[in-house]
Every structure is written in structure tokens, then in C-alpha cells.
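>>> Structure, please.
(one chain, ligands or ions: 1)
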Amino acid sequence: MALDIKICGLKTDGAMAAALAGGASHVGFIFFAKSPRYVEPAEASRLRQAARGKAKAVAVTVDASDAFLDEIVAAMQPDMLQLHGSETPQRVAEVKARYGLPVMKALSVSEAADLERIKPFVGVADHFLFDAKPPKGSELPGGNGVAYDWRILTGLDAGVDYMLSGGLNAANVGDALRLANPPGIDISSGVESAPGVKDPALIEQFFRAVRAARDNRAA
Ligand SMILES: O=C(O)c1ccccc1N[C@@H]1O[C@H](COP(=O)(O)O)[C@@H](O)[C@H]1O
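I've put the predicted structure just below:
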């Protein structure tokens, strides 16, 4: 089965090139002003051109207003919207209807019981992303480089289409794939040399680690 791989928080041509060279299926742009990965919609529009026909461009927003979503969608024409705040199932449905785009709803988890929270979103959101809960005091709902016990994801129904995220890097992605066998993975700070600064060499290293883990499993 193909593994979806999203490199999130792209801000430069070099990082985009490394993500595409590695075989990213999704590239993410952060539209949350407090994030060191924030990009203006116009700049995301420029950057995403390189991904056309190669990887899906994902706009990551946090409890965004219709006005801001309108601006993002008009500027960069994303292939998917990632809602990474406290959006309700009703809000997810509204956003889907307004833009006609697939929506990935992010939920923060730390224990198996947290997975119950997907229930009202099933049949509403197209995809899910399971991220770690932000550490106390963090201003960011994601992109904190924090991991959780990925084994809890094995309790999900087989049909749930999701990405595992939170604290991934080249050193631990093999464990994540082995323990949870997710349909997709998503990484941001684990391929950065400083907050918000993607390192093409770390992106390449991450893809190498993914390939090695998958080769090991096939052997
Ligand atoms: O990355 C951010 O700054 C961010 C801001 C607001 C919402 C979501 C954000 N990132 C998402 O969090 C995951 C996990 O990040 P990490 O790998 O633990 O650093 C990331 O892939 C984004 O989808």
C-alpha cells in the first residue's frame, strides 16, 4: 500500500524541491500567524506551483474565519484544507460545502480514549490527522515536535484514512511505521535546523529513513 507523506510548513524553494525529490505526496503551508512557519497566501501560491501534478498542496489553518479561508483558497487554490484548531463537525461540514475541497481534520491525542473524538467527524471530514497534544504554554496547536504513543492508533477502524503526526524525525519514523502501520505520515519540525527553518538535507534524510523502514518490512 502506498504511504502518504506530507512535509509541512514549507517556506522556501529549496525545502519544496527536497520534499518533491523525496517523493512527498502532500506539501503543507501554515496559515497561522503565531507559527514560525507562517506564509502569506501569495507566497504559498508561488511556492505551490512546483508541486502541481506531483504532490497535493494542503492549506493548514486554525479556527480560520470564512474571510481568511476565502483569501487562502483564492490565492493558492489548495488541493486540501487541514483544519488544525477546535473546529466542530458542523464547521468542518460548512468549510467542505463552501469550497468543495477535501478536508483533513486534525485531532490531538495522547491516549486511546482520545480516539473517540473522531466519531462525530466520521462521514464529515475526508481525512484525519492525529497529532500530539501541545505542551503546556505552547502557542502552537501543532508543529511542536512532540510525540505520543503511536500504538494507540492501532485501535482505529481499518477504514479510517489518517496521517500520523507529532514529533516525527528520521530517527523514529521507522518505529512509527512499525508500531502503527499508518496510511500516512506528516512531519514538520523534525526536518528543521531551527524553528521554521526547513533543512533540505534533513528532509532527504527523512525520506531515506522511510524507505529503509519500508524495505525492511518488505524483506
Ligand atoms: O507547524 C506549525 O507551526 C503548525 C501551526 C499550526 C497548526 C499546525 C501546525 N503544524 C502541524 O503539526 C504537525 C506536527 O508537527 P511536528 O512534526 O511535531 O513539528 C505538522 O506536520 C503540521 O501538520
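>>> Tell me who's in contact with residue 62.
Applying Cβ atoms under 8 Å, 6 or more residues apart in numbering to residue 62 gives the contacts 31, 32, 83, 84, 85, 141. Bear in mind the C-beta positions are built from the backbone N, C-alpha and C, glycine included.
>>> Now which of these would you call buried?
31, 32, 83, 84, 141 (16 or more other Cβ atoms under 10 Å).
>>> These: which ones sit near the ligand?
32, 84, 141 (Cβ under 6 Å from any ligand atom).
>>> which one among the residues you listed gets closest to residue 196?
residue 32 (11.6 Å; Cβ to Cβ).
>>> Now the closest one: closest residue in space that isn't a chain neighbour?
residue 62 (4.6 Å; Cβ to Cβ, 6 or more residues apart in numbering).
>>> For residue 52, grab the count of nearby residues.
Residues lying near residue 52 (other Cβ atoms under 10 Å) number 11.
>>> In contact with residue 24, which residues?
Here residue 24 is in contact with 5, 6, 7, 55 (criterion: Cβ under 8 Å, 6+ apart).
>>> just to revisit the earlier point, from the buried ones among the contacts of residue 62, which shows the smallest pLDDT?
pLDDT across the buried ones among the contacts of residue 62 is lowest for residue 141, at 94.
>>> thought that one was touching residue 134?
Yes. The criterion here is Cβ atoms under 8 Å, and residue 141 meets it with residue 134 at 5.7 Å.
>>> Mutual contacts of the two, please.
residue 108.
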